[in-house]
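S.K.: could you work out the structure for the sequence below:
(chains A and B)
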Amino acid sequence: MSSNTVAPSNRGTGVFGRAVAPPTIAPLVVLVVFCAIFSVSTHTFLAAGNLSLVIQQSVIVGTLAIGQTIIILTAGIDLANGAIAVLGTIVAGRLVNDGNNAALCLLFAIVLCTCVGVIAGLLVSRLRLPPFIVTLGLLGIVTAATRLIAQGGAFPVTDDLLGWTGNSFIVGGTGVTYGMIIMFGLYALVWYLLTQTAWGRHVYAIGNNRVAARLVGIPVENRLLSVYTFAAVLYGIAAWLALGRIPNADPNALQSANLDSITAVVIGGTSLFGGRGSIWGTLVGTLIVSVLRNGLTLCGIDPLWQDLVTGILVISAVAVDQISRGRQR
Amino acid sequence: MHSVVRLLLLAAFAGAAITAHAADAPKDQILVGLITKTEVNPYFIKLRQAAAAEAEKQGAKLIARFGKFDGDNEGQVAAIEDMISAGVKGILITPNNSTGVLGAVKKARDKGILVIALDTATDPQDAVDATLATDNFEAGVLQGEYARKALGSKTPKLAMLDGTPGGSVDKQRHDGFLKGFGIKEGDPAIVGKQITHGALDEGQTAMENLLTAHPDINVVYTINEPAAEGAYAAIKKAGKLKDIVLTSIDGGRLGVQYVKDGKIAATVMQFPKIMATKGVDYVVDFAKDGKKPTGFINTGAQLITDKPFEGLPSKDTKFGVENCWG
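M.R.: Presented below is the predicted three-dimensional model:
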């Protein structure tokens, strides 16, 4: 597996180096082990319908996590991704309910989300403000703006186009939603961009060593701006996926999605310090969290165990990353 | 392979724990699903515990889930879906969002699962098979009527500590209080409104801010007892205990104690234990012989105070202590 395009010096010597070189293996092993455990403990987990369900439940956070991944790869972080997606659902929903053309409403909402991303990108790249602070501030601003627009509570959004991502077709005895296809498609697209294009190489380089990247001639400011902007486009698409899953625009939604997306990225093996990680790891990380929640419910076990195990996994993943980094020097 | 081994060991450990736990359930045991709003509000914790106790009594198994925060709709939708997969015979739910949960509820009912709304109705109400709840409007009316009588002839300066915007229970209690109090929305007697999400810390902050803005507040409506507890702390700190009539709804042990101690003038008791136990019983009956409950089943609202007024029936805190939940 050569999807990790960090420079060759990443491969450390000895057992540690070899073990950690393909960062996606360990999370994949964990996912497979969990699936095996739940398949054995219950007769309901391995049903095609249930597996489809787990993926459907992963679609929104999974898409938000794609944006989170590319931002974290540049050694940044995004606390506002859930709020931006919710803004998208409220704006699209309100405009459509007022009688406007659905496609235009959706496009407008995605563009609006993208604008927020541009603002974040400019603050991070031009003003050199820390991404944590920038996105924390935007979280508050966007959340407040969304509630002001929504004026009170959630409202149903029953438009066909906006809800289209929730429609499904039958494959192999179970439903596959268009939202799932879109999510997988986006993962494949971003994999391509990250591993097969210069842009992707630059993203990794910036996260690995920003100063060196600049010295080598990479336009760091432009790349950072493009990363936050592209991520925000993905958040806009996540808004569309959210409306497909639940045809309801809810200002209270996705409140913990920012932390959930960070959890997925970290468990998937991407380093919080930037420069290393695979987008597929994020997908595995997202699925691990969903499988855990679903499986524990099927076993009838207190869902608080889910938080406990997730927390342990996050710490373990970061510890593994730290140890392997130490081996490199 | 050290790191991979470590992760494997962790996963295996978790797996062993899970398998050991899950191996207990016999194949034909009736599975009952319960989804509460959050674990933050003791009301819902008690509801869950009562349901678990009743399930055990009936020989059924309760699968309990809850939202991450008051208003968390996705978490509840995911919980319904997971429970359908698990093969529950019935789902008891206190919906965080009375419309957002409809799609998942329909999926469950289409699969032949009995769905009962507890405590909070869906919108429309008949989207579920039956609703077991307090008539929250009636509860609000009782609170409002008491507040008006307790105020006597003073010009009312009313502060309203509301719950979560968009919540149906929140709206019903709010509107009921106004009706019982005898005023309409927008009346100048309402000097301030704040959102508390039914939580203690937010209730305290809200009351502090309202008192700073309007020191002449003399009557307070609160959405539930955690919010009232917060309001009480703020009122005490401001030294205005004698000047303010504080009312609430819930009927928890702490709330009744507060009425006994004179901290809250009156509270309206709900009966979540009845909701939980009746709900579990309905599901078990449905699983055994297909009997379905229908409509709105009122589990009752009872005004509790030690300072009763003419023409407004109430019970004292002795009754309250004996019948409170929690």
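
S.K.: go through the strand or helix carrying residue A:243 and flag the buried ones.
M.R.: When elements are assigned from DSSP states H and E, residue A:243 belongs to helix A:220-245. Using 16 or more other Cβ atoms under 10 Å in any protein chain shown as the test for burial, helix A:220-245 gives A:220-221, A:223-245. C-beta: built from backbone N, CA, C; applies to glycine.

S.K.: ditto for stretch A:157-173
M.R.: A:157, A:159, A:161-166, A:168.

S.K.: turn those into CSV, including secondary structure and pLDDT.
M.R.: Converted to CSV, the buried residues of stretch A:157-173 look like this (DSSP: H, G, I helix; E, B strand; the rest coil; pLDDT from 0 to 100):
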residue, secondary structure, pLDDT
A:157, coil, 90
A:159, coil, 91
A:161, coil, 93
A:162, coil, 93
A:163, coil, 92
A:164, helix, 94
A:165, helix, 93
A:166, helix, 91
A:168, strand, 90
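
S.K.: contact partners for the residue of chain A found nearest chain B?
M.R.: Per Cβ to the nearest Cβ, residue A:153 is where chain A lies closest to chain B, at 2.2 Å. Neighbouring residues of residue A:153 by Cβ atoms under 8 Å, 6 or more residues apart in numbering or on different chains: A:250-251, B:165-167.

S.K.: state the distance from residue B:232 to residue B:151.
M.R.: 18 Å (Cβ to Cβ, to the nearest Å).

S.K.: more neighbours: these two, which one.
M.R.: residue B:232 (25 against 19; other Cβ atoms under 10 Å in any protein chain shown).

S.K.: the more buried one sits in which helix or strand?
M.R.: Short version: residue B:232 belongs to helix B:225-237, going by DSSP H and E.

S.K.: next, the buried residues of that helix.
M.R.: B:225-235.

S.K.: what's it in contact with?
M.R.: Contacts of helix B:225-237 from elsewhere in the structure, counted by Cβ under 8 Å, 6+ apart, are B:41-43, B:161, B:163, B:196, B:198-208, B:211, B:220, B:222, B:241, B:244, B:246-252, B:254-255, B:258, B:263-264, B:267.

S.K.: could you redo the last one with a cut-off of 6 Å?
M.R.: Helix B:225-237 is contacted by residues B:161, B:196, B:198-200, B:203-204, B:207-208, B:220, B:222, B:241, B:244, B:248, B:250, B:252, B:255, B:263-264 when judged by Cβ atoms under 6 Å, 6 or more residues apart in numbering or on different chains.

S.K.: which one is whichever residue of the stretch 101-250 of chain B sits closest to chain A nearest to, not counting chain neighbours?
M.R.: Closest to chain A within the stretch 101-250 of chain B is residue B:166: 2.2 Å, counting by Cβ to the nearest Cβ. The shortest distance from residue B:166 to any non-neighbouring residue, by Cβ to Cβ, 6 or more residues apart in numbering or on different chains, is to residue A:153 (2.2 Å).

S.K.: any idea of the pLDDT on residue 79?
M.R.: Looking at chain A here, since you left the chain open. Looking at residue A:79, its pLDDT is 98.

S.K.: actually chain B
M.R.: 95.

S.K.: name the element it belongs to?
M.R.: helix B:73-86.

S.K.: mind listing what the helix or strand hosting residue B:247 pairs with, with the direction of each?
M.R.: Using DSSP H and E, the element containing residue B:247 is strand B:245-250. Here strand B:245-250 is paired, per DSSP bridges, with strand B:219-222 (parallel), strand B:266-269 (parallel).

S.K.: now render these as CSV, adding mean pLDDT and mean neighbour count.
M.R.: CSV is the format used below for the strands paired with strand B:245-250 (pLDDT from 0 to 100; neighbours: other Cβ atoms under 10 Å in any protein chain shown):
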stretch, mean pLDDT, mean neighbour count
strand B:219-222, 96, 29
strand B:266-269, 95, 28
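
S.K.: so for residue B:102, which of those sits nearest?
M.R.: For residue B:102, the closest of the strands paired with strand B:245-250 is strand B:266-269, at 28.5 Å, according to Cβ to Cβ.

S.K.: the nearest residue to residue A:73 once chain neighbours are set aside: neighbouring residues, count only.
M.R.: Distances taken as Cβ to Cβ, 6+ apart put residue A:207 closest to residue A:73, at 4.7 Å, once the chain neighbours are dropped. Number of residues near residue A:207 (other Cβ under 10 Å) recorded here: 25.

S.K.: phi first, then psi, for residue A:207.
M.R.: Phi and psi for residue A:207, reported as degrees, to the nearest 10, are phi -70, psi -30.
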